[in-house]
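Trainee: predicted model, plus sequence, below.
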Amino acid sequence: MGFTLLPTKSKNINSIARPDTSGIKQIKDMNNDLLIKLGDYNDLTVTRMATREDSHAFNGKETFGVFLDGGREGEILMPAKYVPEGTKTGDTIRCLVYLDQEERLVATTEQALAVVGQFAWLQCTWVNKYGAFLNWGVMKDVFCPFSEQKRKMEIDHYYLVFLYIDPETYRITASAKVDKFLSDKRPTYQPGEEVDLIVWQKSPLGFKVIIDNLFQGLIYDSQIFRPVHSGDRMKGYIKQVRPDGKIDLTLQPTGRRGTDDFAETLLHWLESHGGYCALGDKSEPEDIKRAFQVSKKVYKRAVGELYKQRLITISDDGIRLTDTE
């Protein structure tokens, strides 16, 4: 993704790079020796302890955090409550960097639910006359202006949003207008390829999902063998990319890999359940789905694979491990 330098309105930021599409902004020093990702995690070095005069403190000084090397941007404060125990000068800390209310760069070790450039399923915590605020796992809630809401957000409700940097304020911002942040390029996935998914919403055909924070896809109801809810993060597998660019997915590995993976799962299940399973060729698909979250087709293939390896025997009343006969 290409970046061009932008002037900043904040005296605390010398140069901010803006992607040519909505997404992550990065702060660079003049020699490109240090690249700070705003709204994302960075590995930064502790330059010194942050102290101030306090007559009531030991040695007359209070430690209120540490300063981290921000390159050309200067030192970045990490407040004491986020500093790992035992931290000393010269240590490297993985931390999230963002702007505080006074437009100062600040760092935290809190675990965010998402970073800039990602989609997330976030809960609305409060609303004011300008928009809504969502909990993204960091003390400072992320703002979603009314202009970026598909419908008015309500407190305690959850919404799928995309996190980006507002080009005017450089603040981390959320948008519920998901479609405009999806890639318009044709997907190049291959059938069977593993991808990261976040479940978006139910549709008449199945569940819409976001793939790798880039594309929209669909998991048909016929391909779902376990409970799925909006906001779930999971691995998925490409079933096909259609001529129109739409993507169909499955939650199980396809082909030989899918059979081998479930065959191993079934073998472990038998080993921990007395070596016997009552599900066989005549069992109902729903019974198999309920027990193992796979289709009857996948189950039969796995049984066949274990049988070929002489690990199980097959009878009218089910399957058994060979060493339990």
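Mentor: Now that the structure is in, tell me what you want to look at.

Trainee: low pLDDT regions in the stretch 151-300 of the chain?
Mentor: 254-259 (pLDDT under 70).

Trainee: next, give phi and psi for the closest residue to Asp281 other than its chain neighbours.
Mentor: Excluding the flanking residues, the one nearest Asp281 by C-beta to C-beta, 6 or more residues apart in numbering is Lys300, at 6.9 Å. Heads up, the C-betas are built off the backbone N, CA and C, glycines and all. Main-chain dihedrals, Lys300, degrees, to the nearest 10: phi -60, psi -40.

Trainee: and Lys300, how many neighbours?
Mentor: Lys300 has 16 neighbouring residues, counting by other C-beta atoms under 10 Å.

Trainee: just use 2 as the starting number from now, easier for me
Mentor: Sounds good: first residue 2 from here, last item Lys301.

Trainee: pretty sure it is touching Leu280, no?
Mentor: No. The criterion here is C-beta atoms under 8 Å, and Lys301 misses it with Leu280 at 10.0 Å.

Trainee: quick check: Leu280 is in a strand.
Mentor: No. Secondary structure of Leu280 (DSSP: H, G, I helix; E, B strand; the rest coil): coil, not part of a strand.

Trainee: please parse the protein into its domains.
Mentor: Domain segmentation of the chain under automatic domain parsing yields 4-109, 120-181, 195-251, 256-325.

Trainee: what is the end-to-end distance of the third one?
Mentor: Right, the one you point to is domain 195-251. End-to-end distance for domain 195-251, by C-alpha to C-alpha, to the nearest Å: 10 Å.

Trainee: next: stretch 77-96.
Mentor: Stretch 77-96: ends 11 Å apart by C-alpha to C-alpha.

Trainee: tell me which residues of it come out buried.
Mentor: Residues Ile77, Leu78, Met79, Pro80, Tyr83, Val84, Thr88, Ile94, Cys96 are the ones in stretch 77-96 that count as buried (16 or more other C-beta atoms under 10 Å).
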